[in-house]
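Engineer: my questions are about this predicted structure, shown below with the sequence.
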Amino acid sequence: MRIHRIAVELDIDSIVRHAATIHDVLRRWRVPRRDRADIVQEVLLGAWRSMRAGRFQPRPGVPDAVALERWIVGISWRHASRYVARARRRYEVLVPSPGRLRQDHAPGPLEQVEARRALHDLKRIDPRFRAVLGLTAQGYTIGEVAAALGQSPNTLWNRLRLGRLWFRRVRLRWWRPRCREGRSRR
């Protein structure tokens with residue numbers, strides 16, 4: 001049995017009453033205070049247009065005020081998540097050719113040996129962590145890596161943290177025996 005929902009249209013004042021709720025959602029998403037008023041306006045206008053188009057359809061038995069608040073929280077959440085995902089909001093600096101920045105530097109022989117050793121140690125790390133470490137080392141942001149791998153940014157932040165821990169442990173296992181050998185020779 002399918003429940004048919006009926007579109008409900010309320011006045012603009014009923015939507016504007018939820019401005020404090022919208023501010024609260026934006027604050028939780030850590031949207032800067034200077035941008036909150038603009039996003040609140042976008043949410044209010046979007047909610048009003050959606051209501052006029054008949055997209056506000058509360059479930060039967062749910063009071064209109066409760067349904068409206070939940071609906072506006074959902075709209076606010078979507079606007080805030082889009083705001084956070086925009087590159088200009090994260091203050092990323094776009095570089096026309098990142099390769100051009102690295103052409104002038106040629107690593108010395110000791111740096112090359114150290115780089116080979118680091119790559120060898122990197123092979124000993126769990127592939128899930130290695131992928132995130134490698135992509136972030138190449139300059140990709142967690143958002144780009146999440147989009148490429150199809151996983152949550154929070155999961156990838158955790159894997160990056162754990163990958164760094166594993167890498168440190170692998171490097172210390174290689175380093176500690178050599179330090180002990182050096183002490184015993186003295």
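Structural biologist: Noted; the coordinates are in hand. These figures come from a predicted structure and were not determined experimentally.
Engineer: Ile22 versus the residue nearest to Glu144 when sequence neighbours are not counted, what's the distance?
Structural biologist: In this structure, Glu144 finds its nearest non-sequential neighbour in Leu135, 7.8 Å apart by Cβ to Cβ, 6 or more residues apart in numbering. To be clear about C-beta, it is placed using only N, CA and C from the backbone, and glycine gets the same treatment. Here the criterion is Cβ to Cβ, to the nearest Å. By it, Leu135 lies 35 Å from Ile22.
Engineer: please, where are all the helices along this structure?
Structural biologist: 12-16, 19-28, 33-52, 64-85, 98-102, 109-122, 127-137, 142-149, 153-185 (DSSP state H).
Engineer: the second one vs helix 64-85, what angle?
Structural biologist: Meaning helix 19-28. Interaxial angle of helix 19-28 relative to helix 64-85 (axes from the mean of the first three to the mean of the last three Cα atoms, to 10 degrees): 30 degrees.
Engineer: pull the residues that contact helix 19-28.
Structural biologist: Helix 19-28 has contacts (Cβ atoms under 8 Å, 6 or more residues apart in numbering) with 36, 39-40, 43-44, 69, 72-73, 76-77, 80.
Engineer: which among the residues you listed end up buried?
Structural biologist: 36, 39-40, 43-44, 72-73, 76-77, 80 (16 or more other Cβ atoms under 10 Å).
Engineer: just give me the closest of those residues to Gly150.
Structural biologist: Checking those against Gly150 with Cβ to Cβ, the nearest one is Trp77 at 21.2 Å.
Engineer: so how many other residues sit close to the closest residue to that closest one other than its chain neighbours?
Structural biologist: Counting by Cβ to Cβ, 6+ apart, Trp77 lies nearest to Val25, which is 5.9 Å off, once chain neighbours are set aside. When neighbours are counted by other Cβ atoms under 10 Å, Val25 registers 23.
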